[in-house]
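Student: This is a predicted model, with the sequence first.
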Amino acid sequence: MVFHSSSLLVIVTTALFFLRGQCKPLNVQTRGICATEEPEPSFLNAVQRVHTNEVKNQGSPARDGPIEIDTWFHIVSSSAARDQVTDDMVDAQLAILQTAYQDAQISYQLQGVTRNVNDVWARNDDELGMKKALRKGTYSTLNVYFQTDLHATPSQVTRILSSKTHQHQQSPQKQQRSSSNSPSPSTSKKTDLAVSVLGFCTLPDPNINATSPQSAYIKDGCNILAAAMSGGSLDQYNRGGTVIHEIGHWNGLLHTFQGETCDPNDPGDYISDTPQQSSPTSGCPASRDSCPDLPGADPIHDFMDYSSDVCYESFTAGQNQRMRSMWGSMREGK
Ligand SMILES: *[C@@H]1O[C@H](CO)[C@@H](O)[C@H](O)[C@H]1NC(C)=O
């Protein structure tokens, strides 16, 4: 097993559909669309097991004390954007990350920053080759790839267009149709839209153990659109929230709107202190309640919703505990 495509969590903004030939981003309206298929059953079984243990231990985490995660940042730039990611942006992004995870007693020990200029890698068109060349450490080492031209792979685009979340929102297919109405035959040939993504990470894989070879988890890590780093150029998404959100997935958290239903029997994100939420938040509304008949309003300030960066504030106690339990059972010592 090299790679479970369905363990990717992809965040996309509908508004980040670039018309090829125009190369002009539309306004960013929403953090977007999750292109994820349901997480693997083996992952959900592991989450259920961890959840049951948390309840049994009456809220005391399976893992005591501070958690320090060895971390590598890889800056991967196109030649056109080789100066886009500055050292100051890297420092600021790391500081924001540390603050967000303080309450969880999780810190990221930066082991190093690599820099590469490679147009193919910057677009993520050779993810495996890039990660074979750059990935450092073991399964418990966090590798974050900041790519200047990150966009969705064809299979991710297919998932995005057919996803439930997408159907709640503005339709990129509509945009695609309108672009194909373009009067110029030369642009109408290029009707396929490149889908930019803010980022995605792999969830922990319960099949990895301490003796698994690196080839079994070579794709493990986080891919982030460099413009979505703190200090990046992406309006509404340049305060570092994307990195916090995505690393939440790497630590084993699901979206607060997981399941996308108000059915009280649906396990949702398997976290008891995040209210049931049937659709993602976009932007930063004053308040929102997608399941009005159930207790609690939507957790619009939670890092695992889709709100804009300025809206992001915290993880819940249950999420902090979950990340600690998941570290202890899924990554530590591997
Ligand atoms: C560890 O995982 C590898 C695959 O990554 C598998 O081939 C091996 O059988 C596993 N070992 C144990 C002891 O479970």
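Tutor: Yep, it's here. Quick caveat: nothing in here was measured; it's all calculated off a predicted structure. Residues are numbered from 1 along each chain as shown.

Student: Show me which residues of the stretch 151-300 of the chain sit near the ligand.
Tutor: 208-209, 211-212, 216 (Cβ under 6 Å from any ligand atom). C-beta coordinates here come from the backbone N, C-alpha and C atoms, glycine included.

Student: Need those residues in a markdown table (columns: secondary structure, distance to residue 259 and pLDDT).
Tutor: Below are those laid out as a markdown table (DSSP: H, G, I helix; E, B strand; the rest coil; distance: Cβ to Cβ, whole Å; pLDDT from 0 to 100):
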| residue | secondary structure | distance to residue 259 | pLDDT |
| --- | --- | --- | --- |
| 208 | coil | 25 | 97 |
| 209 | coil | 29 | 96 |
| 211 | coil | 34 | 97 |
| 212 | coil | 30 | 97 |
| 216 | helix | 29 | 97 |
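
Student: Most neighbours among the residues you listed, which one?
Tutor: Counting neighbours by other Cβ atoms under 10 Å, residue 208 leads those with 19 neighbours.

Student: Isn't that residue up against residue 218?
Tutor: No. Counting by Cβ atoms under 8 Å, residue 208 does not reach residue 218; the two are 11.2 Å apart.

Student: And residue 270, how far from residue 276?
Tutor: In this view, residue 270 and residue 276 are 12 Å apart by Cβ to Cβ, to the nearest Å.

Student: Check residue 201 too.
Tutor: 24 Å.

Student: Of these two, which one has the most company?
Tutor: A direct count of neighbours by other Cβ under 10 Å for residue 201 and residue 276 places residue 201 higher, at 25 against 21.

Student: so that one sits in a strand?
Tutor: Yes. According to DSSP: H, G, I helix; E, B strand; the rest coil, the state of residue 201 is that of a strand.

Student: Report the beta-bridge partners for it.
Tutor: residue 9, residue 222 (DSSP bridges).

Student: Would you enumerate the residues in contact with the closest residue to the ligand within the stretch 151-300 of the chain?
Tutor: Distances between the stretch 151-300 of the chain and the ligand by Cβ to the nearest ligand atom are smallest at residue 212, namely 3.2 Å. By Cβ atoms under 8 Å, 6 or more residues apart in numbering, residue 212 lies in contact with 139, 334.

Student: now swap in residue 52 and tell me
Tutor: Residue 52 neighbours (Cβ under 8 Å, 6+ apart): none.

Student: before we move on, what about residue 206?
Tutor: 42-43, 45-46, 330.

Student: Quick one, which of the residues you listed are buried?
Tutor: Buried subset of the contacts of residue 206 (neighbour count, 16 or more other Cβ atoms under 10 Å): 43, 46, 330.

Student: closest to the ligand among the residues you listed?
Tutor: For the buried ones among the contacts of residue 206, the nearest to the ligand is residue 330 (13.1 Å; Cβ to the nearest ligand atom).

Student: Isn't the closest one up against residue 204?
Tutor: Yes. Using Cβ under 8 Å, residue 330 is in contact with residue 204, at 3.7 Å.

Student: Quick check: neighbours shared by the two?
Tutor: 46, 252.

Student: Kindly tell me how buried residue 294 is, as a neighbour count.
Tutor: Neighbours of residue 294 (other Cβ under 10 Å): 15.

Student: Kindly report the same for the one 10 residues further on.
Tutor: If you count neighbours by other Cβ under 10 Å, residue 304 ends up with 25.

Student: Can you tell me the SS state at it?
Tutor: Applying three-state DSSP: residue 304 is coil.

Student: quick one: the residue nearest to residue 65 when sequence neighbours are not counted from residue 222, how far?
Tutor: In space, and not counting its chain neighbours, residue 65 is closest to residue 105: 7.2 Å by Cβ to Cβ, 6 or more residues apart in numbering. Using Cβ to Cβ, one gets 20 Å for the distance from residue 105 to residue 222.

Student: Neighbour count for the two, which is higher?
Tutor: residue 222 (23 against 16).

Student: Any stretches of this structure with poor pLDDT?
Tutor: 1-38, 58-62, 157-196 (pLDDT under 70).

Student: let's see 90
Tutor: 1-40, 51-64, 151-198 (pLDDT under 90).

Student: centroid residue for it?
Tutor: Closest residue to the average C-alpha location of the chain: residue 246 at 3.1 Å, with Cα atoms, centre = their mean.
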